[in-house]
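Asker: sequence plus the predicted model coming up.
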Amino acid sequence: MSAMTPDLTGRTVIVTGAGSGIGKAVAIQAAVIGANVVVTDIKGQDETAAEIGAAAEAHELDVTDAGAWSRVVEAVVASRGGVYGLVNNAGIASATDSLAVQTEEGWDAMIGVDLKGVWLGMRAVLAPMLAAGEGSIVNVASVAGLIGVSDVLAYSAAKGGVIAMTRQVSIQHAKDQIRVNAVCPGVTQTPILGDISDELLAAISNITPMGRLGQPDDIAGLTSYLLSPASAFLTGQAIAICGGFSVQ
């Protein structure tokens with residue numbers, strides 16, 4: 001296999017929010033290229049792991065709970081011998097997320113899952129990655145963390161914070177051979193879109209240069225590359241994958 005071909009054979013990767021959407025696609029793609037996949041979520045994780053088969057194990061994980069992170073990582077180190085990769089994908093969004101209408105409760109929930117959860121995940125896997133002398137972390141941010149997007153105030157703040165943390169941790173641990181990158185999807189067809197109308201989704205497709213919404217597999221392909229040694233000299237980057245939406 002070429003050195004530029006993503007290959008995770010024998011490497012253990014934890015994926016959060018893997019019960020559906022982007023996380024599920026990432027978990028499946030990682031398994032296809034050889035990873036032992038730890039599928040985590042608050043629901044749907046068992047089904048995704050069953051779909052993958054023997055290369056996967058499932059754990060319930062609330063990413064806002066530091067104790068839960070410790071328990072999952074300890075279990076994985078015990079069962080798999082270490083942790084090579086982490087995909088911080090779990091996230092939430094809201095249809096009422098502007099300055100005028102976002103509530104304090106809603107703000108705290110969004111920051112808790114979308115920002116604090118990423119911090120806790122990186123912190124939890126640091127020790128086993130340091131022990132192994134290598135690691136690769138991919139944080140799922142958003143184009144909303146890169147450019148201005150209406151009606152996603154707390155979400156944008158959280159995703160911008162994810163990008164900032166990605167850059168900081170990448171610099172801090174580059175000499176430890178721990179790489180940290182972020183993928184920044186545009187609007188992607190996943191359950192997080194919730195009750196957004198078909199009309200609005202069509203309008204978003206129309207203003208996207210490539211003329212469509214993203215699909216989970218679009219994000220999974222880039223994530224697999226960033227996880228794998230094929231991207232061995234790539235760290236600290238926030239890469240938009242949005243059909244050209246962010247460069248208009």
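Answerer: Received the coordinates, thanks.
Asker: where does pLDDT dip in this protein?
Answerer: Within the chain, the ranges that satisfy pLDDT under 70 run 1-3, 194-195.
Asker: cutoff 90 now
Answerer: Applying pLDDT under 90 to the chain flags the ranges 1-5, 94-96, 149-151, 187-207, 248.
Asker: can you map out the helices along it?
Answerer: For the chain, the helices defined by DSSP state H cover 21-32, 45-52, 66-80, 104-111, 117-132, 153-173, 198-207, 216-227.
Asker: what's the most buried one of these?
Answerer: helix 21-32 (a mean of 26; mean count of other Cβ atoms under 10 Å). All C-beta spots, glycine's among them, are computed from the backbone N, C-alpha and C.
Asker: residue nearest the centroid of the protein?
Answerer: Centre of the chain computed as the mean C-alpha position; nearest residue by Cα atoms, centre = their mean is residue 89, 2.6 Å away.
Asker: give the residue farthest from the middle of the protein.
Answerer: Distance-from-mean max, the chain, by Cα atoms, centre = their mean: residue 100 at 28.8 Å.
Asker: got the contact list for residue 130?
Answerer: Listed by Cβ atoms under 8 Å, 6 or more residues apart in numbering, the contact set of residue 130 reads 176, 178.
Asker: an error on my part: the question was meant for residue 61.
Answerer: Per Cβ under 8 Å, 6+ apart, neighbours of residue 61: 16, 40-42, 45, 68-69, 72, 90.
Asker: widest-spaced pair of those residues?
Answerer: Farthest pair in the contacts of residue 61 (Cβ to Cβ) is 45 and 69. Separation: 14.6 Å.
Asker: helices or strands next to the biggest strand by length in the chain in the packing?
Answerer: Longest strand in the chain, counting residues (DSSP state E): strand 178-185. Applying 3 or more Cβ pairs under 8 Å, 6 or more residues apart in numbering; DSSP states H and E, one finds that strand 178-185 contacts helix 117-132, strand 135-140, helix 153-173, helix 216-227, strand 238-241.
Asker: residue 119 contacts residue 165, correct?
Answerer: Yes: counting by Cβ atoms under 8 Å, residue 119 does reach residue 165; the two are 6.3 Å apart.
Asker: distance of residue 70 relative to residue 135?
Answerer: 17 Å (Cβ to Cβ, to the nearest Å).
Asker: just to revisit the earlier point, just send the helices and strands packed on strand 178-185 back as TSV, with distance to residue 11 too.
Answerer: Shown next, in TSV, are those (distance: least, Cβ to Cβ, whole Å):
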stretch	distance to residue 11
helix 117-132	10
strand 135-140	9
helix 153-173	18
helix 216-227	8
strand 238-241	21
